[in-house]
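Asks: Below: sequence and its predicted model.
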Amino acid sequence: MGDRKQLKRKPVTEATIVYRVVGTSDLNSALLEPYFRPEDKPQEITAREKRYPELLDGICVDSSIEQARITLSNMRKAASRDGESEKWQDGCIAEVVLQPDQGFDHENRKKSHGKQTIWGDSTNLAGAVCRLHQADDRMTGED
């Protein structure tokens, strides 16, 4: 049996929708772009990231809007616990459409937690945002 934790980074070959928590409710790509950059110094590096350092060049996204809402809720709770309760108050969920031939790669390990890793130029990723959702069901904008 092969290594189940093997890196499965592949180019995007069909339109794929993913969700990313962002700290703005504005669809302006320049305001969204910082949220599509990999972390400079992750707080914790997992064993898998040590084994496959290129994971650190990607960003974590959610496979569903429901999972992204849970992620945003958890981020708000952590910020509140750390005394930064206003940090994610304006947080929204960006709906991102990854298209083939745009230089995007992804790894979908099909795990129950609904997380994926995506790679690509942060400006192009921000430009792939088609709409923003509030933590509830409201949309903040469309292209």
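Replies: All right, it came through fine.

Asks: Need the nearest residue in space to the residue nearest the centre of the chain, chain neighbours excluded.
Replies: The geometric centre of the chain, computed from its C-alpha atoms, lies nearest to Val61 (CA atoms, centre = their mean), at 2.8 Å. Closest residue to Val61 in three dimensions, ignoring its sequence neighbours and counting by CB to CB, 6 or more residues apart in numbering: Val18, at 4.1 Å. In short, each C-beta sits where N, CA and C put it, glycine included.

Asks: same question, Gly114
Replies: If the residues on either side of it in the chain are set aside, Gly114 comes closest to Gln67, at 3.7 Å by CB to CB, 6+ apart.

Asks: circling back: how far away is the residue nearest to Val61 from Ile70?
Replies: As defined by CB to CB, to the nearest Å, Val18 lies at a distance of 15 Å from Ile70.

Asks: Just give me the longest helix of the chain.
Replies: helix 65-81 (DSSP state H).

Asks: What is it packed up against?
Replies: On a contact count with 3 or more CB pairs under 8 Å, 6 or more residues apart in numbering; DSSP states H and E, helix 65-81 meets strand 16-22, strand 92-98.

Asks: how near is Asn124 to Phe36?
Replies: Applying CB to CB, one obtains 8 Å for the distance of Asn124 from Phe36.
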